[in-house]
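> generate coordinates for the sequence data below:
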Amino acid sequence: MKKNEHVLLIDGMALLFRSFFATAVTGQFMVNSKGLPTNGVQGFMKHLLMAVDHVNPTHILVCWDMGSQTFRNDVYEDYKSNRNAPPAELIPQFDLAKEVAEGFNLVNIGVPGYEADDCIGTLAKAHRNERKVTVLSGDQDLLQLLDENIDIMLLKKGFGNYQTYTKDMFVEERGITPRQFIDVKALMGDTSDGYPGVKGIGEKTALKLIQEYGHIEGILDNLDRLTPSQRKKIEGDLEMLHVSRKLAEIHCEVPLPLSIENAVWSRVSDSSISYIEELELKVLRRYLLSAESLIATS
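Now for the predicted structure:
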């Protein structure tokens, strides 16, 4: 175990979307002189850099979705089909966010056919035996990855506010293991991802059933012990239950380059400052100057 090494895995999509919609609702797109909206990118980098100050990692990787179609659409055609297309002002910021991350010497990771969550899961599980891993996201689905040496930091409202989970904290709070959380999701479904689970089974019932029977197989082996209503719902939606289980689980075997030598984090450089000035990322520049002044006076 390399106790001095700490990997921070960033859910780039979660940070970018959160940052964009936080300011887009009031029309603050922060368009630069080239006509390019920058509100999402600036918030994305501010979230990222504040998390870096909080975690103090030795390595950072930023994970991204690479298009809307993944292997989950082969499992279930309507997966995420309920989501609206991204706003026009957000679309150019997908590539811009990656470019800005590279300008800060950060490593971007993404594989067509997989989601950012899958890349995060693959990296987290691959590195947890050798070094501490922290995941930054706003997506509770990632809580299923909690394990020894893997923590999850969920973004809360505003900047620099997090709800940090360890495996033990999750078990104490929810009364289930992180792996069992996958089966809870399979039963209750996920409206944001567009899969229904078992119709009529909500979060409370799903949680209670998994706490009592351990996993979906345990429930199916004990259908005669369920209430007539629960049994009818599950038997009537058995196929969708198994499909939902496949959709809910993060795939942790994405073909990724697992070497992290290029992901070593160093302080923000003068070239990074020049880069954000060139792109007219004024909010981000103000934050960096403020952060530098706080470091200088501490």
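
> got the contact list for the residue nearest to residue 22 when sequence neighbours are not counted?
Using C-beta to C-beta, 6 or more residues apart in numbering and skipping residues adjacent in sequence, the residue nearest residue 22 is residue 43, 6.3 Å away. In short, each C-beta sits where N, CA and C put it, glycine included. By C-beta atoms under 8 Å, 6 or more residues apart in numbering, the residues touching residue 43 are 15-16, 18-20, 22-23, 283.

> which single one of those residues is nearest to residue 199?
Proximity to residue 199 was ranked across the contacts of residue 43 by C-beta to C-beta; first place goes to residue 18, at 30.2 Å.

> that closest one is in what secondary structure piece?
In this structure, residue 18 sits in helix 12-24 according to DSSP states H and E.

> next secondary structure after that helix?
Using DSSP H and E, the next helix or strand after helix 12-24 towards the C-terminus is helix 39-55.

> ok, residue 225 - contacts?
Shown here is residue 225, which makes no contacts under the criterion C-beta under 8 Å, 6+ apart.

> angles on the backbone of it, please.
With angles defined as degrees, to the nearest 10, residue 225 sits at phi -100, psi -10.

> shaky segments in the stretch 51-200 of the chain?
Low-confidence segments of the stretch 51-200 of the chain, defined by pLDDT under 70: none present.

> now the helix holding residue 18, how far from the chain's geometric center?
Taking C-alpha atoms, centre = their mean, to the nearest Å, one finds the center of helix 12-24 at 12 Å from the center of the full chain.

> how far off helix 39-55 does it point, in degrees?
In this structure, helix 12-24 runs at an angle of 120 degrees to helix 39-55, with axes from the mean of the first three to the mean of the last three C-alpha atoms, to 10 degrees as the basis.

> helices of the stretch 101-250 of the chain, start to end?
Counting by DSSP state H, counting those that start in this stretch, the stretch 101-250 of the chain has these helices, from start to end: 116-127, 167-174, 178-188, 203-213, 216-220, 228-236, 238-248.

> what angle do the third one and helix 228-236 make?
Which is helix 178-188. 90 degrees.

> list the buried residues in helix 178-188.
Of the residues in helix 178-188, those buried by neighbour count under the rule 16 or more other C-beta atoms under 10 Å are 178, 180-188.

> how far does stretch 160-168 sit from its chain's centre?
13 Å.

> export that stretch to CSV, keeping only CA atoms.
Coordinates of each C-alpha in stretch 160-168 appear next as CSV, following Å, rounded to 0.1, in the frame of the first residue of the first chain:
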residue,chain,number,x,y,z
GLY,A,160,-16.7,23.5,-1.3
ASN,A,161,-19.6,21.7,0.4
TYR,A,162,-19.5,17.9,0.4
GLN,A,163,-21.1,14.9,2.0
THR,A,164,-18.3,12.4,2.3
TYR,A,165,-19.1,8.7,2.6
THR,A,166,-16.9,5.8,3.7
LYS,A,167,-18.1,2.2,3.4
ASP,A,168,-18.7,2.0,7.2
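
> ok, and what's touching it?
Contacts for stretch 160-168 (C-beta under 8 Å, 6+ apart): 50-51, 54, 136, 143, 146-148, 150-156, 177-178.

> which ones among the residues you listed map onto strands?
136, 150-155 (DSSP state E).

> what would those look like in TSV with distance to residue 219 and neighbour count?
Rendered in TSV, the data for those read as follows (distance: C-beta to C-beta, whole Å; neighbours: other C-beta atoms under 10 Å):
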residue	distance to residue 219	neighbour count
136	33	30
150	27	23
151	30	21
152	26	29
153	32	22
154	28	19
155	33	21
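
> can you name the two of the residues you listed that are farthest apart?
In terms of C-beta to C-beta, the ones in strands among the contacts of stretch 160-168 reach their longest pairwise distance at 150 and 155, which sit 17.3 Å apart.

> stretch 122-141: which residues count as buried?
Within stretch 122-141, the residues that qualify as buried are 122-128, 131-139, 141, counting by 16+ other C-beta under 10 Å.

> between the two ends of that stretch, how far is it?
With C-alpha to C-alpha, to the nearest Å as the measure, the ends of stretch 122-141 fall 14 Å from one another.

> show me what the helix or strand in which residue 74 is found is packed against.
Following DSSP H and E, one finds residue 74 within helix 71-75. In terms of contacts (3 or more C-beta pairs under 8 Å, 6 or more residues apart in numbering; DSSP states H and E), helix 71-75 is packed against helix 238-248.

> neighbouring contacts of the helix it packs on?
Contact with helix 238-248 is made by 72, 75-76, 79, 141, 144, 182-183, 185-187, 189-190, 193, 195-199, 216, 220, 234, as judged by C-beta under 8 Å, 6+ apart.
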